[in-house]
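Novice: Just need the structure, nothing else, for what follows:
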Amino acid sequence: MGAERLRVVLVDVNDEVVTAWRSAFADTPEVEIRRGSVLNVDADAWVSPTNARGRMDGGVDAVVKRHLGAGVQVRVQRAIRDRFGGSLPVGSAVCVPSGAAVPRYLISTPTMRQSSQNISETMNVALACAAAFQAVHLQNRAKPASIRSVALVGMGAQTGRVPAPVCANLMWTGYTLFQDHTFGDYDELRAAVLGQLDDIEGAGSARRVRINVPERPSFRR
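Specialist: Numbers count the residues shown, from 1 in each chain. A predicted model of the protein is given here:
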């Protein structure tokens, strides 16, 4: 499913994050940017930044768990156990039924290995954002058109202490990677991002970096 057919909403209560998004995504008008709570966004899926174990005990994760009920954490952790042996690598995600009408799905993608980890000097936000969109693709591959809209918050900007401009630029990197390429699995996605790690880290927060993936048979435009 291409990005052009997916409604993407970026929403956060942090004014600095919203302002940074408006700058980073200025030339991508198809992305809707709002100030407010993800709980108020009518979308097929919400994306919640999490930790490797799927413990929804901090940040947006905790807010979402209170809203959807404790059962959503059980489903997230079961999916992590079944698909990833109990520990979800950064650059991967799980998509589970939310148990609610809105959203119908919750996508959990780790920005950190442990709760409240400082990730301000890492590429984790780009990896997590790209993995969230990969989860949308995989869900729609399994069940066509089941996710037509998705809402994301400012990844790592709260618990992970990532500065708002860096968060926005790295989320733009993750979004454009999804827009440009489709990956067979999370391993291919991580390889694409980490393969250009030096170039991206060198850019810092001063500019956006678009990841260019060499054509391979496993990638589809």
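Novice: List the contacts of the residue most central in space within the chain.
Specialist: With distances taken as CA atoms, centre = their mean, residue 129 lies nearest the centre of the chain, 3.0 Å away. By CB atoms under 8 Å, 6 or more residues apart in numbering, residue 129 lies in contact with 109, 152, 155, 170-171, 173-175. (C-beta placed from N, C-alpha, C; glycine too.)
Novice: ok, 6 Å please
Specialist: If you count contacts by CB atoms under 6 Å, 6 or more residues apart in numbering, residue 129 has them with 155, 171, 174.
Novice: In a strand, it, correct?
Specialist: No - going by DSSP: H, G, I helix; E, B strand; the rest coil, the assignment for residue 129 is helix, not a strand.
Novice: Now flag whichever of the contacts of residue 129 is closest to residue 9.
Specialist: Residue 9 lies nearest to residue 171 out of the contacts of residue 129, by CB to CB, at 12.4 Å.
Novice: Is the closest one located within a helix, as I assumed?
Specialist: Yes - under three-state DSSP, residue 171 falls within a helix.
Novice: now the helices for this structure?
Specialist: Ranges of helices in the chain, per DSSP state H, are 15-24, 59-68, 71-84, 124-142, 164-180, 186-194, 197-203.
Novice: any chance of those helices in TSV, plus mean pLDDT?
Specialist: Listed next are the helices of the chain as TSV, based on pLDDT from 0 to 100:
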stretch	mean pLDDT
helix 15-24	95
helix 59-68	94
helix 71-84	97
helix 124-142	92
helix 164-180	88
helix 186-194	86
helix 197-203	53
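Novice: closest to residue 7 out of the ones you listed?
Specialist: helix 124-142 (10.9 Å).
Novice: tell me the angle of the closest one relative to helix 186-194?
Specialist: In terms of direction (axes from the mean of the first three to the mean of the last three CA atoms, to 10 degrees), helix 124-142 departs from helix 186-194 by 150 degrees.
Novice: Now do helix 124-142: distance to the chain's middle.
Specialist: Distance of helix 124-142 from its chain centroid, counting by CA atoms, centre = their mean, to the nearest Å, is 6 Å.
Novice: And for stretch 93-110?
Specialist: Worked out by CA atoms, centre = their mean, stretch 93-110 lies 12 Å from the chain centre.
Novice: what's the straight distance from one end of that stretch to the other?
Specialist: By CA to CA, to the nearest Å, the extent of stretch 93-110 from end to end equals 7 Å.
Novice: residues in contact with it?
Specialist: With CB under 6 Å, 6+ apart, stretch 93-110 has contacts from 42-48, 50-52, 54, 68, 71-72, 75-76, 79-80, 88, 90, 128, 131-132, 135, 139.
Novice: Show me which of the residues you listed are buried.
Specialist: Buried members of the contacts of stretch 93-110, counted by 16 or more other CB atoms under 10 Å: 43-48, 50-52, 54, 68, 72, 75-76, 79-80, 88, 90, 128, 131-132, 135, 139.
Novice: measure stretch 36-45 end to end?
Specialist: Terminal residues of stretch 36-45 lie 17 Å apart, using CA to CA.
Novice: pLDDT of it, averaged?
Specialist: If you average the pLDDT over stretch 36-45, you get 97.
Novice: List the contacts of that stretch.
Specialist: Contact partners of stretch 36-45, identified using CB under 6 Å, 6+ apart, comprise 9, 11, 46, 67, 102-105, 107, 147-151, 153.
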